[in-house]
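> model the structure of this input:
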Amino acid sequence: MELFVSAVREGSFSAAGRRVGLSPASVSRYVGELEAQLGVQLLNRSTRHLGLTDAGKIFFQRTEQVLHGIEDAEAAALALQTAPRGTLRVHSRTLFGIKVLSPLIPGFQKLYPELKVELRLSERRPQLREDEFDVDFQIQAAKDAGLMQRRLLRSERILVASPDYVGRMPKLREPGDITRHNCLTYWMGPDDVVWKFMRKNRLREIVVPSSLSSNNGVVLCDHAVSGHGIALLDDYTVAEELKSGRLIRLLPGFRVTNSTFDEGIYATFLQSSYLPEKIRVFVDYMAENVPKQVKRSQ
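As a prediction, this is how the structure comes out:
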């Protein structure tokens with residue numbers, strides 16, 4: 001069953017085989033034996049892709065549930081007699097991962113030296129089960145009922161630019177002035193970029209001109225520091241640049257966002273009747289230390 005599930009997740013016998021140290025032919029043979037045992041075809045095979053039959057879809061869903069139940073049971077039994085060990089697979093938004101999360105991992109591993117941490121950074125929201133992540137850090141709450149989450153930090157987005165840029169461009173006195181500036185925007189698709197400004201419960205939405213758009217916060221921060229425009233970034237990600245004077249905050253009297261005003265850092269993990277100990281201790285550690293790390297940088 002595990003080989004069948006792995007083949008479906010990976011999309012090929014060769015990829016599934018690499019995960020467990022078997023040849024593609026061996027994986028194909030095992031899956032074929034499973035189909036013969038059940039008396040039903042589970043996979044449609046082609047040279048490039050594995051597709052599930054209707055029976056295969058049902059079998060895959062039920063088998064995944066069984067395997068996760070076994071994993072939960074094993075984790076529960078192991079936690080009673082051993083310290084957390086193994087591999088913890090973590091995903092994070094790029095800037096948060098670089099500025100806040102990564103510096104905290106060595107301290108965590110001193111407490112749990114038998115835990116290996118795999119940290120991957122991107123701007124997407126992964127599917128935890130399909131992508132095999134244990135914990136994901138995002139700036140907005142997840143809406144999936146199958147997920148659990150814990151808010152570690154409240155945050156806000158702020159407008160920033162370099163002293164050089166501020167000195168040579170028109171003064172930014174109120175939100176409408178933003179249309180005369182170079183804006184460094186987060187890429188969210190082909191639609192117009194809208195920044196929302198709030199003061200005294202009055203909301204104003206402005207379509208901003210984008211001189212550079214990127215799906216990577218590091219790129220936007222670097223370009224802002226280099227004097228290429230105004231960026232809208234999470235406050236904790238630019239705390240060091242503000243403290244050193246490399247960036248200046250603009251329009252501090254306004255709350256600004258390109259999404260919602262209720263933002264923060266959320267640790268997200270799969271809902272389970274038994275939370276694996278490695279996830280519990282990691283989230284607890286980050287809940288205690290992320291606010292401290294942010295405060296130190298301010």
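> for the stretch 101-250 of the chain, which segments count as strands?
All strands of the stretch 101-250 of the chain, identified by DSSP state E, counting those that start in this stretch, fall at 115-121, 135-138, 147-155, 157-161, 183-186, 194-199, 202-207, 210-214, 230-234, 248-250.
> out of those strands, flag the one nearest residue 67.
Of all the strands of the stretch 101-250 of the chain, strand 147-155 sits nearest to residue 67, with 18.7 Å by Cβ to Cβ. For every residue, glycine as well, the C-beta is placed using N, CA and C.
> any idea of the angle that closest one forms with strand 230-234?
Interaxial angle, strand 147-155 versus strand 230-234 (axes from the mean of the first three to the mean of the last three Cα atoms, to 10 degrees): 120 degrees.
> any low-confidence regions in the stretch 151-298 of the chain?
Judged against pLDDT under 70, the stretch 151-298 of the chain has no low-scoring part.
> sorry, back to before: would JSON lines of the strands of the stretch 101-250 of the chain with mean neighbour count and distance to residue 280 be doable?
Below are those laid out as JSON lines (neighbours: other Cβ atoms under 10 Å; distance: least, Cβ to Cβ, whole Å):
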{"stretch": "strand 115-121", "mean neighbour count": "16", "distance to residue 280": "12"}
{"stretch": "strand 135-138", "mean neighbour count": "23", "distance to residue 280": "10"}
{"stretch": "strand 147-155", "mean neighbour count": "16", "distance to residue 280": "10"}
{"stretch": "strand 157-161", "mean neighbour count": "24", "distance to residue 280": "30"}
{"stretch": "strand 183-186", "mean neighbour count": "22", "distance to residue 280": "32"}
{"stretch": "strand 194-199", "mean neighbour count": "17", "distance to residue 280": "36"}
{"stretch": "strand 202-207", "mean neighbour count": "12", "distance to residue 280": "39"}
{"stretch": "strand 210-214", "mean neighbour count": "16", "distance to residue 280": "35"}
{"stretch": "strand 230-234", "mean neighbour count": "24", "distance to residue 280": "26"}
{"stretch": "strand 248-250", "mean neighbour count": "17", "distance to residue 280": "37"}
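> okay, those in TSV with distance to residue 44 next?
Output for the strands of the stretch 101-250 of the chain, formatted as TSV (distance: least, Cβ to Cβ, whole Å):
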stretch	distance to residue 44
strand 115-121	31
strand 135-138	31
strand 147-155	31
strand 157-161	46
strand 183-186	39
strand 194-199	44
strand 202-207	47
strand 210-214	39
strand 230-234	45
strand 248-250	56
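> how about the contacts made by residue 208?
Listed by Cβ atoms under 8 Å, 6 or more residues apart in numbering, the contact set of residue 208 reads 178, 179, 183, 185, 193, 194, 195.
> go again using 10 Å as the cut-off
If a contact means Cβ atoms under 10 Å, 6 or more residues apart in numbering, then residue 208 has 175, 178-179, 181-185, 192-195, 230, 232, 258 as its contacts.
> what's the closest non-adjacent residue to it?
In this structure, residue 208 finds its nearest non-sequential neighbour in residue 183, 4.4 Å apart by Cβ to Cβ, 6 or more residues apart in numbering.
> pretty sure the one you found is touching residue 193, no?
Yes: shown here, residue 183 and residue 193 form a contact pair, counting by Cβ atoms under 10 Å, at 7.1 Å.
> show me how the protein divides into domains.
Here the domain parsing of the chain from automatic domain parsing is 2-79, 86-141+278-297, 157-257.
> distance of residue 192 from residue 161?
Distance from residue 192 to residue 161, counting by Cβ to Cβ, to the nearest Å: 21 Å.
> mind listing what residue 209 touches?
By Cβ under 10 Å, 6+ apart, the residues touching residue 209 are 178, 179, 180, 181, 182, 183, 185, 192, 193, 229.
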